[in-house]
Each structure stands twice: as C-alpha cells, then as structure tokens.
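Participant: here is a sequence with its predicted model. Questions after.
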Amino acid sequence: MKSAKTSIIAGVALMAAGVLLLLDLLGVLDSAALVWPLMFAAAGTTFLVLFFRRRDNWWAAIPGSVFWGLAAVILITQLWPGPAAYWAGAFLFLFMSAGFAAVYVREPANWWAVIPSGVMLTLSFVVAVPPDWQGMTVAAVLFLGLAATFAVLSLIPVRPEHRPAQPGSVPGQPGDAGPARMKWPLIPAAVLAVMGLIFGLQATALLTASEFFVPVLLVIAGVALLVYAYRHRAGGHHKVHGA
C-alpha cells in the first residue's frame, strides 16, 4: 500500500510536469518555470505521507520540509523576480523549522528537535533582514533568536529517560519519576541573550564603543559558570545529607 501511494504521487507529478512542458512548448502558457517546484513539492508530499502514516516515521518530516521549502524558493524567484527574490530564501528555513517542530510534536521524546527548529526560524529572520540593516542588527537577531530557542527548550517537560545525564545525578530518585523541565538550557539562553542585547545596543548607536564587548562578555560568562557551579554543588550537598 505504501509503494502504491508513492507511485500514485510520482505518477501524478510526472504527468503534471509533462503537461506543463507541453503547454510551454506550444506557447499556450509560460509554465516551464513551474516544473521544478512541482517535482520538489511531489517529493515533499511523499515524505509527508510517510510522516502521517506511522508514528515511527517522524524523521520523514525533515526531508519533506526541505523539499517543500525548495519548491517555495524556486516558485517565488521564478514568479516574482526582484525584491521578493531577496527574502525568498527565508521560506526554506521556515519550512525546515516547521519540519523539526513537527518531529517534536509527533514524538515529544525528540526534544532535541526544538533546537534546530529554533535555529532555522532564527535564520529565516536573519535572511529576511533588509540590506540596509545589515551588520549589528543581523548579529542581534541571530543571538536573540538562539537565546529564545534555548529559553523555550527550558520550558518543555522531558521524561527522565529522555533527559541528558546530569553530573552527580543518581538514577531512580523519587523526584525523577515524572516529566520535568531541564535547567541547563537557561545558561546558553542567558549568555546568548546578553550578547544579543549588546549587538542590539550597538545597532541602535546606544553603545558605540565596541571595545566593551569582550570584557562584558567575559564577565557574564564567568558569572554564569559560578552560578552553575554553586547550584550544582548545593544540589549535591543536599543529596548527600538527604541520603
């Protein structure tokens, strides 16, 4: 049945591509530019059919979103050349972000998919930034988007067997019985947010002295490491006394 549906999709796509090429050759319709978007869309649809067929096929959302993104990019650049072609690449990252998000929605154990989903979404905004705003604005959008990605990851409850092993943790503790939020994403979220704010201030000319960037970054990173070490040591101390 799976091979039959795949054959149907491929057959319809090939027939449509042939019709479009014939219409273009006969001068009836300038449709040759639609052939490649149609083929990519058909390939993406094939993977999406696999994705919705079985829960174990969560991986199919990734190539499916890539093919649909390529179809969107080619279609926009062919039909609307000019200014629209500049930000057409953003659609590829948007589709890829949606694909990784679908991986997590389909199987919540794949919490890792939230990270590439947020990265792809951030890159879509970076690509869509107007040319006049290049430079510090792009860096601010990039770092703030990555910070938001890790911040969202820290809000997602994850079951103990799906969480990365924490240093000093003891398996089978009563507190680890149910889903819980991970705390480690808050560290990269904080560091990236500070860097994004620094670039944002520089972009708005509120902080023009770029020599402040490295010292401030070092101080923030040091504080984050000290806070992490203190919390880890305090947690281990309580575990020893509570044993």
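Facilitator: Received, thanks. Residues are numbered from 1 along each chain as shown.
Participant: Gly196 touches Phe143, doesn't it?
Facilitator: Yes: judged on C-beta atoms under 8 Å, Gly196 makes contact with Phe143 at a distance of 3.4 Å. From N, CA and C alone the C-beta is placed, and that goes for glycine too.
Participant: so where's the protein uncertain?
Facilitator: 1-33, 82-85, 161-178, 205-214, 216-217, 230-243 (pLDDT under 70).
Participant: for it, which segments count as strands?
Facilitator: 157-158, 180-181 (DSSP state E).
Participant: who touches the first one?
Facilitator: This points to strand 157-158. Pro108, Trp111, Pro179, Ala180, Arg181, Met182 (C-beta atoms under 8 Å, 6 or more residues apart in numbering).
Participant: mind running it again at 6 Å?
Facilitator: Trp111, Pro179, Arg181, Met182 (C-beta atoms under 6 Å, 6 or more residues apart in numbering).
Participant: re the thing from before, let me know which of the strands of the chain is the nearest to Pro81.
Facilitator: Nearest to Pro81 among those is strand 157-158 (45.4 Å), distances taken as C-beta to C-beta.
Participant: the closest residue to Phe47 other than its chain neighbours - how many residues pack around it?
Facilitator: Excluding the flanking residues, the one nearest Phe47 by C-beta to C-beta, 6 or more residues apart in numbering is Gly64, at 3.3 Å. Gly64: 24 surrounding residues under other C-beta atoms under 10 Å.
Participant: same question, Trp68
Facilitator: Using other C-beta under 10 Å, Trp68 has 25 neighbouring residues.
Participant: contacting residues around it?
Facilitator: For Trp68, counting by C-beta under 6 Å, 6+ apart, the contacting residues are Gly44, Phe95.
Participant: same check on Ala147?
Facilitator: Contacts for Ala147 were tallied using C-beta under 6 Å, 6+ apart; they are Ala189, Leu192, Ala193, Gly196.
Participant: okay, the residues you listed in TSV with distance to Ala203 and neighbour count next?
Facilitator: Formatted as TSV, these follow (distance: C-beta to C-beta, whole Å; neighbours: other C-beta atoms under 10 Å):
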residue	distance to Ala203	neighbour count
Ala189	20	19
Leu192	16	20
Ala193	15	18
Gly196	10	20
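Participant: redo the residues you listed as TSV? Include distance to Asp56.
Facilitator: Formatted as TSV, these follow (distance: C-beta to C-beta, whole Å):
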residue	distance to Asp56
Ala189	31
Leu192	34
Ala193	37
Gly196	38
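Participant: list just the nearest of these to Val223.
Facilitator: Closest to Val223, out of all of the contacts of Ala147 and judged by C-beta to C-beta, is Ala193, at 13.3 Å.
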